[in-house]
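Asker: Give me a 3D structure for the following:
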Amino acid sequence: MTARHTRIATALGKLMLVADGDELIGLYFPGHWYPPKPEAIGPYVDAAGDPLFTRVAAELADYLAGRRTSFDVPVALRGDDFQQRVWALLREIPHGETTTYGALAARLGNPALAQRVGQAVGRNPVSVIVPCHRVVGSDGSLTGFAGGLQRKHFLLELEEPAEVKEGRLF
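Answerer: Numbers count the residues shown, from 1 in each chain. Purely as a prediction, here's the structure:
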């Protein structure tokens, strides 16, 4: 394992990025619910001197500026089989759209798995890039987000389609 980490300043706060080789394995917010263990992040490196971290920072900056709707950086998600299945479904949620935990559970073949889906979504190690912020409660409410509900609201508003924004009264 050639893990290393860095920190980058973004509109979402100072994010910690963790990589192993040529793949991003973590993106964590300040106060993240499930931060990585210190021994799993490797040494600190300067983002400017690391081609992968430089690429991640550029793609995140473009996304947060509204110039990008998806990410191309190589990602390796580490989790159990169920988590992997949930995280694969997260990657299929289109930019500007949302789904519910129950809908994801139904896609997995069992609507009763909604709570377990929520747990897997909450443990997504590469927030934003694997868009867990696009999952909302069954009534459309903002529910759990490892980076905090303010960040989730910010991301959803950033992705909101122009016609929806224009139709709002305030």
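
Asker: thought Ala114 was touching Tyr101?
Answerer: Yes. With contact defined as Cβ atoms under 8 Å, Ala114 counts as touching Tyr101 (4.5 Å). (Each C-beta comes from the backbone N, C-alpha and C, glycine too.)

Asker: what helix or strand is the residue lying closest to Leu12 once chain neighbours are set aside on?
Answerer: Nearest residue to Leu12, sequence neighbours excluded (Cβ to Cβ, 6 or more residues apart in numbering): Arg151, at 5.5 Å. Under the criterion DSSP states H and E, the helix or strand holding Arg151 is helix 149-159.

Asker: Excluding sequence neighbours, find me the nearest residue to Ala61.
Answerer: Closest to Ala61 by Cβ to Cβ, 6+ apart is Thr10, at 7.2 Å.

Asker: any residues in contact with both of Ala114 and Tyr101?
Answerer: Ser138 (Cβ atoms under 8 Å, 6 or more residues apart in numbering).

Asker: any idea where the strands of this protein begin and end?
Answerer: Ranges of strands within the chain are 3-10, 13-20, 23-28, 99-100, 135-136, based on DSSP state E.

Asker: for stretch 143-163, the distance to its chain's centre please.
Answerer: Offset of stretch 143-163 from its chain centre (Cα atoms, centre = their mean, to the nearest Å): 11 Å.

Asker: ditto for stretch 36-43
Answerer: 19 Å.

Asker: any idea how far the closest residue to Gly118 other than its chain neighbours lies from Lys14?
Answerer: The shortest distance from Gly118 to any non-neighbouring residue, by Cβ to Cβ, 6+ apart, is to Tyr101 (4.7 Å). Relative to Lys14, Tyr101 is positioned 29 Å away (Cβ to Cβ, to the nearest Å).

Asker: report the longest helix in this protein, please.
Answerer: helix 51-64 (DSSP state H).

Asker: Quick one: closest of the strands of the chain to Ser127.
Answerer: strand 23-28 (5.4 Å; Cβ to Cβ).

Asker: between the closest one and strand 3-10, how many degrees?
Answerer: Relative orientation of strand 23-28 and strand 3-10, computed by axes from the mean of the first three to the mean of the last three Cα atoms, to 10 degrees: 50 degrees.

Asker: what's in contact with strand 23-28?
Answerer: The contact list for strand 23-28 (Cβ under 8 Å, 6+ apart) reads 3, 5, 15-19, 35-36, 41, 52, 56, 73-78, 125-129.

Asker: List the buried residues in it.
Answerer: Leu24, Ile25, Gly26, Leu27, Tyr28 (16 or more other Cβ atoms under 10 Å).

Asker: bridging residues for the third one?
Answerer: So that's Gly26. Val18 (DSSP bridges).
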